[in-house]
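Visitor: task: produce atomic coordinates for the following.
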Amino acid sequence: MDNQVGGNHYSKYKIQVVDIIDDHNLDFYEGNILKYLLRYKDKNGVQDLYKLEHYLQMIIKKTEANGKRQ
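Guide: From the prediction side, this is the model:
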């Protein structure tokens, strides 16, 4: 993972987002939440926070639909 395509907003991290996603077996929505949380200050600011919020809402709806609401 030495080469990032499309910018350098992840290159400053000691641990790459993709490694965390893989290590914790995160699904698409969960991985995107992590991605947008870690990059919003360096890339798209509030827009990335709205994307994060969108994916979180999708997880909530999916979890509730599966009867896992606690």
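Visitor: ok, longest helix in the chain?
Guide: helix 46-65 (DSSP state H).
Visitor: mind checking how far Tyr50 is from Leu37?
Guide: According to C-beta to C-beta, to the nearest Å, Tyr50 and Leu37 sit 12 Å apart. C-beta here means a position set from N, CA and C on the backbone, and glycine is covered the same way.
Visitor: so for those two, which sits in the more crowded spot?
Guide: Using other C-beta atoms under 10 Å, the more surrounded residue of Tyr50 and Leu37 is Leu37, with 16 against 13.
Visitor: okay, buried residues for the helix or strand harbouring that one please.
Guide: Using DSSP states H and E, Leu37 maps to helix 28-39. For helix 28-39, burial by neighbour count (16 or more other C-beta atoms under 10 Å) applies to 31-39.
Visitor: who are the packing partners of that helix?
Guide: Judged by 3 or more C-beta pairs under 8 Å, 6 or more residues apart in numbering; DSSP states H and E, helix 28-39 is in contact with helix 17-23, helix 46-65.
Visitor: what is the longest one packed up against?
Guide: The reference is to helix 46-65. Helix 46-65 packs on helix 28-39, going by 3+ C-beta pairs under 8 Å, 6+ apart.
Visitor: quick one: contacts of the helix it packs on?
Guide: 9-10, 13, 17, 20-21, 24, 26, 48-49, 51-52, 55-56, 58-59, 62 (C-beta atoms under 8 Å, 6 or more residues apart in numbering).
Visitor: just the buried members of those residues?
Guide: Looking at the contacts of helix 28-39 with 16+ other C-beta under 10 Å, the buried ones turn out to be 9-10, 17, 21, 26, 48, 51-52, 55-56.
Visitor: re the thing from before, tell me the angle of the longest helix of the chain relative to helix 28-39?
Guide: 150 degrees (axes from the mean of the first three to the mean of the last three C-alpha atoms, to 10 degrees).
Visitor: contacts for helix 46-65 next, please.
Guide: For helix 46-65, using C-beta under 8 Å, 6+ apart, the contacting residues are 29-30, 32-33, 36-37, 39-40, 44, 69.
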